[in-house]
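Engineer: Would you be able to build a 3D model of this:
(one chain, ligands or ions: 1)
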Amino acid sequence: MNAFADKHPLRSGIPCVKHNCVQCCLETSMPLTTRDITRIMKLGYERTDFTIPSNGGGWRLKNVSGRCVFLSERGCRIYQYRPEGCRLYPLIYDEGVHRAVIDHLCPYGCEFKAGKAEIKKLMNLLERLATGAR
Ligand code: SF4
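Structural biologist: Numbers count the residues shown, from 1 in each chain. Next up is the predicted model:
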């Protein structure tokens with residue numbers, strides 16, 4: 001039996017919809033790449049509408065009343081244009097074990113599957129965020 005048969009690709013968002021979960025959109029600290037900011041600004045938003053400075057430099061998504069500024073009652077307002085990190089979540093890099101893992105904070109993480117392509121995308125994203133080549 002294939003252990004991945006009943007799991008869903010990260011980008012599908014199927015477990016999120018199935019469980020009506022928006023947990024990762026609450027008190028978000030999702031970092032933003034330059035590409036993310038440019039893509040979202042093309043929708044008509046000002047940078048200050050959705051970004052705040054990150055402690056380590058760069059920018060991250062803004063929260064309003066503890067929720068991602070783009071989270072509405074019907075879900076993400078910019079789903080098709082959402083940040084790269086949101087597309088890859090719940091895949092994160094665990095500094096403790098030095099590898100990409102499914103975040104244990106995602107309550108339905110066991111329903112997602114991540115392949116080599118997603119891990120490569122995550123590592124590329126982290127490299128761009130770390131070097132400032134965002
Ligand atoms: S916490 Fe997990 S299941 Fe919930 S919305 Fe985020 S990725 Fe989806």
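Engineer: Let me know the average pLDDT across the helix or strand where Ala130 lies.
Structural biologist: Per DSSP states H and E, Ala130 falls inside helix 116-131. Confidence for helix 116-131, expressed as mean pLDDT, is 93.
Engineer: what about stretch 67-84, how long is it end to end?
Structural biologist: End-to-end span of stretch 67-84 (C-alpha to C-alpha, to the nearest Å): 18 Å.
Engineer: Next one, pLDDT for the closest residue to Leu71 other than its chain neighbours please.
Structural biologist: Nearest residue to Leu71 in three dimensions, chain neighbours excluded: Cys25, at 4.4 Å (C-beta to C-beta, 6 or more residues apart in numbering). C-beta coordinates here come from the backbone N, C-alpha and C atoms, glycine included. For Cys25, the pLDDT comes out at 97.
Engineer: Quick one: residues contacting Cys25.
Structural biologist: Shown in contact with Cys25 (C-beta atoms under 8 Å, 6 or more residues apart in numbering): 67-68, 70-71, 76.
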